[in-house]
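1. Predicted model and sequence below, questions to follow.
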Protein chains: 2
Amino acid sequence: MNKLSLLTGLFSVLLLTGSALVKAQPTEEEIVAELREKAMSNTLAYDILETLTTEVGARMAGTPQDAMAVEWGVKKFKELGFDKVWTEPVTFKTWIRAQEAAVLVSPYPHKIRITGLGFTVPTPLEGIEAEIVHFKTLQDLIDSPADSAKGKIVFISQKMERFRDGRGYGPVVKARGQGAVEAAKKGALAIVIRSIGTDSHRLPHTGMMRYKKGVKKIPAAAMSNPDADLLERILARKKPVKMNLKVYSHDGPEYTSYNVIGEMTGSEYPDEKVVIGGHLDSWDLGTGAVDDGAGVAITMAAAKIIGDSKYRPKRTVRVVLFANEEQGLIGARAYAAKHKVDLDNHVTGAESDFGAGKIYAFASNVAEDNLPVVKKMAELMKPLGIEYVDNKAGPGPDLIPMYSLGMSVFSLRQDGTDYFDLHHTEDDTLDKVVPENLSQNTAAYVVFAYIAANSEQKISRGITKTH
Amino acid sequence: MNKLSLLTGLFSVLLLTGSALVKAQPTEEEIVAELREKAMSNTLAYDILETLTTEVGARMAGTPQDAMAVEWGVKKFKELGFDKVWTEPVTFKTWIRAQEAAVLVSPYPHKIRITGLGFTVPTPLEGIEAEIVHFKTLQDLIDSPADSAKGKIVFISQKMERFRDGRGYGPVVKARGQGAVEAAKKGALAIVIRSIGTDSHRLPHTGMMRYKKGVKKIPAAAMSNPDADLLERILARKKPVKMNLKVYSHDGPEYTSYNVIGEMTGSEYPDEKVVIGGHLDSWDLGTGAVDDGAGVAITMAAAKIIGDSKYRPKRTVRVVLFANEEQGLIGARAYAAKHKVDLDNHVTGAESDFGAGKIYAFASNVAEDNLPVVKKMAELMKPLGIEYVDNKAGPGPDLIPMYSLGMSVFSLRQDGTDYFDLHHTEDDTLDKVVPENLSQNTAAYVVFAYIAANSEQKISRGITKTH
């Protein structure tokens, strides 16, 4: 036996030993497939959501329930056995909803179901009583003569269209955000828009609006879709229509809430993390089941299932429950400000914030040489009925600030066909959530987070390093 | 030619002449089939309903809109060209809805969407704040010990089941009608039931409740189904649950409204009439589109189409828009009290008061020897997808008093699968009505009313006379 033979022999022994060891430990694919099935076969996410919606419920930023939600988050992370749990303060201005009501005074008296838009100024106690001036779209208002709304209440009637991917939202939501400013520029006393939503219930949709320096602040509200239909029918009769609008909601004091963070520590590169999460705040009308209790529950459950595995992935899975998303990504901005120094360790991330429908597709936004990792995910997503789309993913809302700094993101796309029936309304309650759909979402986040956290390649949007 | 031949010859001539005349005038079947197709091919009923819901809207008995609805009814009958239009006074006690609100105080603070039940007494201004005691059914409450609800707020959680024929209503609606009495007997301070309805929206269902002489009057309200789900989840945690209930609604003064009546006069027996109609009042929350604007519109449209025919039926078609059905068939009782002297001329009738769904079946309640007339109707109903059921029809609510006196009735059965989603809620609005379904209903009432009004036999429940 020459030296070469000896070496070859030794090498063979090592190889055999190696494959024996490999046999003892399942492959990554086997591990992830098993965790995926575990996620599919239980209702962990639904159970988490049940406690959040039942024991906290509506949790608008700055309300007592905001603090209850933070407490719930910390306690729930600990109960679930997360390795590290902590909070990070987030300070913001608040807004307090008080009584709100509207009636048509003439030509036909009707109660109109409205809700104040976030950060609207109040009307006088006696309300604002004025004639309605109707614009079909925000653009029609913008294009109208300088005094087109002088002394009147602007009504914008554009309807949101229903799509699986929610693309009907973008074209109409500007009326909510910018309507008050544009109406005030035309001399309006107030604005009431058709709700930004796809339902036909007497449940108006709230959401943020903005004022602009130098433009008069006027009260802004939304009416339910059936009320808007009624108002359009009355306006079609070509008689002057007068409304009395009472909105007593008003600004509140500054408030400090918290991003709530839980981690399942990685086995090899614990400082590097895959970030998943949702936002912990909701609007005040519903109990925030689909916006965004579902996202909170799905991502907590996914990390829990990964953390419970005998085979911890190399990197940490971090779940961030962002504070105050609804009133302007306040928690997300605070997170980015604090963690930008650690940007390189934020390997990639995905936020769940589009309700509780099944995931039907996913997209990545990673460096070209990470695509083999994405392919691996795609194979493991297929049994969930999820197809890979492209490498042009955008971030969920709370990952926008980190994405802007350069962080890689994934987008796990939920069926949002019914999402805007419930979004920002009193109807955002647990009964709208199908437990099996949350399990499927959890399974998809398990696949994404495990593969991303366990990859040899460190995922990034730029040049990829390998350990 | 002998006398016999001559006679036979003459008879043949007469027969021929006769059949020539018959040719000139279409058969009854042809006339009705044509009117039925006319009803199917236009949106007359929907157009009538559009004006009622838009120009009047919610019209609870005793409110200013009750008077507006009466005015609307008279005007609409006249516009439609009815031969006779008049009103008959109906006097009743009223009830006024004021502010109503509920919150769970502990263990978890939640707003609970409630509505006061009709004729509830008010709470004190500060509300009633007490522990919840939960009963699954009214029967469980009745069967509980004497002081089972002492100092507490009773919650009855039984859910209504969804069926096409609405048979889920009967078993649960007793909790609304009798709950306050049974709860008071057990020492309760107030009662809040799960809404009698099949939807999952934050829109509670109102409806009548009753007090009993000698039993303390306690406030009574209903909460929306999602709120009841939430409360049940909280109660499952086995901690004391405290609610604050504020109901400021209260009794009002006596009021006189009107049954509004329009007739298309019969060509041979104008004093004999077939009665169709609906009730003109609604609850105050929605605009009464399906309860019972639809019934009003369907029957007005059917009579209009019959009245416009060149071939008027022998008897009069009378449309009665009953006052104040919701608070106890008050208009219907007044009608029966006034018209019982004319009972023999009330040949038969049918009320439309089960929403705006398609009619899928009809039943009669007539003397045996009227069944050939019913068979004729059945043949003409078939193309509308309507099957004949049996001769055991019960009356629509507003025909109960006349039926009790012995009047014959028909029942045209609407698909009520979704009816109790909307019934007595804010969501009872025009957008829920499919115009084509109203046309199908109108066509069915055309068939029923024309055949009944034109029959040689005078329809009745007892021995039948033929003119």
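-> Good, I have the coordinates.

2. contacts, neighbours, all on C-alpha from now
-> Fine.

3. Pull up the per-residue confidence for residue A:461.
-> If you check residue A:461, the pLDDT there is 89.

4. need the residues of the stretch 301-450 of chain A near chain B, please.
-> Contact residues, the stretch 301-450 of chain A versus chain B (CA under 8 Å from any CA of the partner chain): A:426, A:427, A:429, A:430, A:431.

5. Am I right that the second one sits in a helix?
-> Yep, that's residue A:427 we're talking about. No: for residue A:427, which was evaluated using DSSP: H, G, I helix; E, B strand; the rest coil, the result is coil, with no helix membership.

6. Next, work out how far apart it and residue A:45 are.
-> Shown here: residue A:427 relative to residue A:45, a distance of 20 Å by CA to CA, to the nearest Å.

7. quick one, what contacts residue A:314?
-> Listed by CA atoms under 8 Å, 6 or more residues apart in numbering or on different chains, the contact set of residue A:314 reads A:266, A:267, A:268, A:269, A:270, A:453, A:454, A:455.

8. repeat for residue A:233
-> For residue A:233, the contacting residues are residue B:54, by CA under 8 Å, 6+ apart.

9. any chance you could map the strands in the stretch 351-467 of chain A?
-> In chain order, the stretch 351-467 of chain A shows strands spanning A:359-365, A:387-388, A:409-414, with DSSP state E, counting those that start in this stretch as the criterion.

10. So which of the ones you listed is nearest residue B:96?
-> Relative to residue B:96, the nearest member of the strands of the stretch 351-467 of chain A by CA to CA is strand A:409-414, separated by 46.2 Å.

11. Only the buried residues of stretch A:355-370, if you could.
-> Across stretch A:355-370, burial judged by 16 or more other CA atoms under 10 Å in any protein chain shown covers A:355-366, A:369-370.

12. Can you give me the pLDDT of residue A:10?
-> On the pLDDT scale, residue A:10 is placed at 50.

13. So residue A:295 belongs to a helix, correct?
-> Yes: counting by three-state DSSP, residue A:295 falls inside a helix.

14. Pretty sure it sits against residue A:278.
-> Yes: the pair residue A:295 and residue A:278 qualifies as a contact (CA atoms under 8 Å) at a distance of 4.7 Å.

15. what residues are shared contacts of those two?
-> A:351, A:352, A:353.

16. Show the contacting residues for the last one.
-> Listed by CA under 8 Å, 6+ apart, the contact partners of residue A:353 are A:278, A:279, A:291, A:292, A:294, A:295, A:396, A:397.

17. Give me the pLDDT for it.
-> Here, the pLDDT recorded for residue A:353 equals 98.

18. Could you measure from it over to residue A:143?
-> If you go by CA to CA, the gap between residue A:353 and residue A:143 works out to 34 Å.

19. circling back: from the contacts of residue A:314, which two are the most distant?
-> Between all members of the contacts of residue A:314, the farthest pair (by CA to CA) comes out as A:270 and A:455, at 13.2 Å.

20. Endpoints of stretch A:351-369, how far apart?
-> According to CA to CA, stretch A:351-369 extends 23 Å from its N-terminal end residue to its C-terminal end residue.

21. no, scratch that, I was asking about stretch A:410-423
-> Using CA to CA, the gap from the first to the last residue of stretch A:410-423 comes to 23 Å.

22. now swap in stretch A:72-91 and tell me
-> 19 Å.

23. helix or strand right after the helix-or-strand element of chain A with minimal mean pLDDT?
-> Least confident helix or strand of chain A, by mean pLDDT, DSSP states H and E, is helix A:3-24 with a mean of 52. Taking DSSP states H and E as the definition, the helix or strand that follows helix A:3-24 towards the C-terminus is helix A:28-40.
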